[in-house]
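1. Here's a sequence, model it:
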Amino acid sequence: MKNNNKVSSNFIKCPICESNSFVHLFKKNNEPFVKCNNCSLVLINPRLNYEKIKETYNDEYTRDYAKKATAKSKRSLQRVRKVKSQFTTSGRWLDIGCSAGFVVKSAKENGFDAFGVDIEPWGINYGKTSLQLNNLVSGTIEDQSYPDNYFNVISLYDVIEHVPDLNLLVKELKRILGENGVIHVITPDIGHWRVSKTLSDWKEIKPSEHLYYFTKVTLKKLFNKHELNIVKTDFSFKTSLKVYIQHSDG
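-> Numbers count the residues shown, from 1 in each chain. Presented below is the predicted three-dimensional model:
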C-alpha cells in the first residue's frame with residue numbers, strides 16, 4: 001500500500017564532482033531543484049527513492065509514443081543516418097531506453113546488428129510483436145552483461161537525465177563501447193539560449209522524472225571522468241544537447 005503522506009527521499013553527493021555543497025534554486029511539486037556550487041550541475045536533491053521514481057515509468061507514455069509511429073520512425077531514421085554518415089556504416093548498435101523500438105528498427109534497416117533495452121516491458125513487447133525485432137530486452141543496461149568493447153554505436157535519446165546512478169551508467173558505457181565506437185547522446189540543455197529565464201517554467205523541468213539538467217560543460221565533465229570525450233556537437237534550435245562521444249584514447 002502506498003503511503004502518500006510521507007515519502008522517503010535521499011540526499012546525494014554531486015555525481016560529477018562529489019561535492020556536498022549546493023545552492024537552492026526553486027521547488028516544483030514540492031521537490032527541490034539545486035545547483036552544485038563546485039561544478040554547476042543542476043539536479044533534484046534530495047530526491048525520492050528509486051522505487052518511487054520508477055512509478056513515473058509506465059506503459060501510458062510508451063503507448064502514446066507508439067501511436068505516433070510514423071513521426072517517431074521518421075525521426076529515428078534521421079538520427080541513424082546522421083550517425084552513419086559521420087562515424088560508422090555497420091556493426092552493432094545499442095539503443096538504451098529504446099521504448100517501442102523505432103531506433104532499433106531504423107538501425108537494423110540501415111545495416112546494423114541492432115539491439116535495444118528499456119525498463120518498461122510494454123514497449124519491448126510492442127517492438128518484438130509489431131516491429132518484429134528480436135534483440136530487445138527489458139531491464140537496465142547494467143543487468144545485461146554485454147561483452148567488453150561490443151558495440152560500435154550506443155544511443156541514448158532523452159535517457160541520461162532519467163538515470164538514478166550516472167556513474168554506474170557511464171562506467172558501463174565505457175566498458176561495452178568498441179575501440180572506435182561512438183555514443184550519441186541527446187538530452188535537454190539547461191544552458192541553451194532559449195531556456196526560459198524563469199527556470200521553473202521551462203518545459204523540461206519534470207519532478208521525479210528528469211533528475212539532472214546538463215550543459216555541455218557538465219556533460220563533458222561527467223564523461224571525461226570516465227575517460228570518454230565529446231568529439232562533436234550538433235546545432236539544435238530546440239533546447240537540446242546533441243553530442244557524440246568516443247574513448248578519450250580513441
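2. Only C-alpha atoms from now on, for both contacts and neighbour counts.
-> Will do.
3. The worst-scoring helix or strand of the chain on mean pLDDT: what's the following helix or strand?
-> The helix or strand of the chain with the poorest confidence is helix 50-54; it has a mean of 68 (mean pLDDT, DSSP states H and E). Remark: after helix 50-54, the chain's next helix or strand is helix 59-67, criterion DSSP states H and E.
4. wait, what's in contact with residue 133?
-> Counting by Cα atoms under 8 Å, 6 or more residues apart in numbering, residue 133 makes contact with 101, 104, 105, 127.
5. please redo it, this time with the cut-off set to 6 Å
-> Neighbouring residues of residue 133 by Cα atoms under 6 Å, 6 or more residues apart in numbering: residue 127.
6. Would you map the strands across this structure?
-> 9-10, 22-28, 31-36, 42-44, 47-48, 91-96, 112-118, 136-138, 151-157, 177-188, 212-213, 228-233, 240-247 (DSSP state E).
7. Can you work out which other helices and strands pack against the last one?
-> Put plainly, it is strand 240-247. strand 177-188, strand 228-233 (3 or more Cα pairs under 6 Å, 6 or more residues apart in numbering; DSSP states H and E).
8. and among these, the most buried is which?
-> Across those, averaging neighbours per residue (mean count of other Cα atoms under 10 Å) puts strand 177-188 on top, at a mean of 22.
9. mind checking how far that one is from the chain centre?
-> Averaging C-alpha positions (Cα atoms, centre = their mean, to the nearest Å) puts strand 177-188 11 Å from its chain's average.
10. for it, packing partners?
-> Applying 3+ Cα pairs under 6 Å, 6+ apart, we find strand 177-188 packed against strand 151-157, strand 240-247.
11. Need the pLDDT of residue 1.
-> Predicted confidence (pLDDT) for residue 1: 32.
12. so which of the strands of the chain comes closest to residue 72?
-> strand 151-157 (12.0 Å; Cα to Cα).
13. and that closest one with strand 112-118, angle?
-> Using axes from the mean of the first three to the mean of the last three Cα atoms, to 10 degrees, the inter-axis angle of strand 151-157 relative to strand 112-118 is 40 degrees.
14. Flag every buried residue along whichever helix in the chain runs longest.
-> In the chain, taking DSSP state H as the definition, the longest helix is helix 69-86. By 16 or more other Cα atoms under 10 Å, the buried positions in helix 69-86 come out as 72, 73, 76, 77, 79, 80, 81, 83, 84.
15. Could you check how far the first one is from residue 145?
-> It stands for residue 72. Noted for residue 72: a distance of 29 Å to residue 145, by Cα to Cα, to the nearest Å.
16. swap in the fourth one?
-> As for residue 77, its distance to residue 145 is 28 Å (criterion: Cα to Cα).
17. before we move on, back to that, so which of the helices and strands packed on strand 240-247 comes closest to residue 93?
-> Closest to residue 93 of those is strand 177-188 (Cα to Cα; 9.7 Å).
18. Check which strands are paired with the closest one and give the direction for each one.
-> Sheet pairing for strand 177-188, assigned by DSSP bridges, gives strand 151-157 (parallel), strand 240-247 (antiparallel).
19. so which of those comes closest to residue 137?
-> It is, among those and with distance given as Cα to Cα, strand 151-157, at 15.1 Å.
20. show me the contacts for residue 128.
-> Taking Cα under 6 Å, 6+ apart as the contact definition, residue 128 lies against residue 134.
21. Low-confidence stretches in the protein?
-> Within the chain, the ranges that satisfy pLDDT under 70 run 1-7, 51-58, 250.
22. ok, now with 80
-> Scanning the chain with the threshold set as pLDDT under 80 gives 1-8, 49-68, 249-250.
23. was I right about residue 119 contacting residue 141?
-> No: assessed by Cα atoms under 6 Å, residue 119 is found out of contact with residue 141, at 9.0 Å.
24. before we move on, the earlier item: any idea which of the helices and strands packed on strand 240-247 gets closest to residue 204?
-> With Cα to Cα as the criterion, residue 204 lies closest to strand 177-188 of the helices and strands packed on strand 240-247, at 6.8 Å.
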